[in-house]
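In: after the sequence you'll find the predicted model.
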Amino acid sequence: MTFLSSSHRSSPSSSSLASTRSFTRSSFFHDRWRRRLCGKRNSSIKTCSKNKNSNIQNNSTIVIKTTESDAEIRGASCVRALCFYSYPKDRSEFSIRAHRLTKIDAEFETISNKIAGKDVSYKNNDVFCYIAVEERLEQDERVPEDPAIVIPGEKSAIVCGTLDLNVGVNLPAEELVGKFPIDGNVRQKRCYMSNVCVLESHRNLGIAKQLLERAIEDAKKINVEEIYVHVVSTNIAAKRLYEKAGFVVESEESAKEALARMHEPRQILRYRG
């Protein structure tokens, strides 16, 4: 399965789904930022009527927002499980479903803990999870890729894309670190995007672009000066997406460095507008 993504991936824990509760960090500045981000009117777009994918309902609305409930975090977790993992053709549906449930639960706890500031490795980062939500029409009879992407409520809605905005000096365990800004409180003036992905059925609709634009807009509102994203050098589709959004390459790993770190060479891109 192919997908658009930054190269940085969190390391999910393997415990079960947490009970329903609201996740907010206690620090004053994080609460202030979250009120500014969540208080903003949700941005929305119409899906392109010229799209040839028959799985997309014409004129359905895509809303870009930050997660505000466990159901939305669960939906984001499911999208990541669907995008970041693929399976051999001979693997049974039961086995795939069992593995996916495990990954969804792990992603749910990981996202929740990062947002709440409970993840020790992210103690110096403030994390905001963005989602793209498709508000489906009443007559829409499509079956969702997984029940977990459905957000319960009066209107039928599914999560179809997601992105994390990490405000801080660096991403935990990430060797490629942004160089700017040089002066001032770098802790609050630099951020990184990660876990950018869109369901395969919803690609080529501009959803990833909308996620990036909303996160960039919100970062500026909280006085973040420098925005970065990591990408595998060979992921041409992701690089093209970021370049169109205004990112340029700041630095990259050599083949020797990548080999020593046991992964493909990556680049770090800086937003230049």
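Out: Perfect, I can see it now.
In: show the backbone phi and psi for the closest residue to residue 252 other than its chain neighbours.
Out: Closest residue to residue 252 apart from its sequence neighbours, by C-beta to C-beta, 6 or more residues apart in numbering: residue 267 at 4.1 Å. Just so you know, the C-beta spots here come from the backbone N, C-alpha and C atoms, and that holds for glycine as well. Main-chain torsions, residue 267, degrees, to the nearest 10: phi -130, psi 150.
In: residue 267: how many residues sit nearby?
Out: 21 (other C-beta atoms under 10 Å).
In: cool, and residue 108?
Out: By other C-beta under 10 Å, 25 other residues sit near residue 108.
In: in the helix or strand hosting residue 238, what's buried?
Out: Using DSSP states H and E, residue 238 falls within helix 236-244. With burial defined by 16 or more other C-beta atoms under 10 Å, the residues of helix 236-244 counted as buried are 238-239, 241-242.
In: and that helix, how far out from the chain's middle?
Out: 16 Å (C-alpha atoms, centre = their mean, to the nearest Å).
In: next secondary structure after it?
Out: Going down the chain from helix 236-244, the next helix or strand is strand 247-252, by DSSP H and E.
In: chain center to the following helix or strand past that next one, what's the gap?
Out: Toward the C-terminus, strand 247-252 is succeeded by helix 255-260 as the next helix or strand (DSSP H and E). Distance, stretch centre to chain centre, for helix 255-260: 27 Å (C-alpha atoms, centre = their mean).
In: what does helix 255-260 rub up against?
Out: 175, 264-266 (C-beta atoms under 8 Å, 6 or more residues apart in numbering).
In: try 6 Å
Out: Here helix 255-260 makes contact (C-beta atoms under 6 Å, 6 or more residues apart in numbering) with residue 265.
In: show me which residues of that helix are buried.
Out: So, applying 16+ other C-beta under 10 Å, buried residues of helix 255-260: residue 258.
In: going forward, the N-terminal residue is numbered 14.
Out: Understood, numbering begins at 14; the last thing we discussed is helix 268-273.
In: now do it, average pLDDT.
Out: In this model, helix 268-273 carries a mean pLDDT of 95.
In: repeat that for stretch 146-158.
Out: Average pLDDT, stretch 146-158: 86.
In: likewise stretch 98-108?
Out: 95.
In: which residue is nearest the middle of the protein?
Out: Central residue of the chain (C-alpha atoms, centre = their mean): residue 176, 1.7 Å from the mean position.
In: shouldn't that residue be in contact with residue 224?
Out: Yes. Counting by C-beta atoms under 6 Å, residue 224 is a contact partner of residue 176 at 4.5 Å.
In: list the residues that contact both of those two?
Out: Here residue 176 and residue 224 have residue 143 as joint contacts, going by C-beta under 6 Å, 6+ apart.
In: that older thread, hmm, the residue nearest to residue 265 is touching residue 262, no?
Out: Yes. Using C-beta under 6 Å, residue 280 is in contact with residue 262, at 5.1 Å.
In: for the chain, which element, helix or strand, carries the lowest mean pLDDT?
Out: helix 41-51 (a mean of 48; mean pLDDT, DSSP states H and E).
In: next SSE after the helix or strand hosting residue 78?
Out: Using DSSP H and E, residue 78 sits in strand 74-79. Beyond strand 74-79 on the C-terminal side, the first helix or strand identified by DSSP H and E is helix 83-97.
In: pull out the buried positions in that following helix.
Out: 83-96.
In: and that helix with strand 74-79, angle?
Out: Counting by axes from the mean of the first three to the mean of the last three C-alpha atoms, to 10 degrees, helix 83-97 points 100 degrees away from the direction of strand 74-79.
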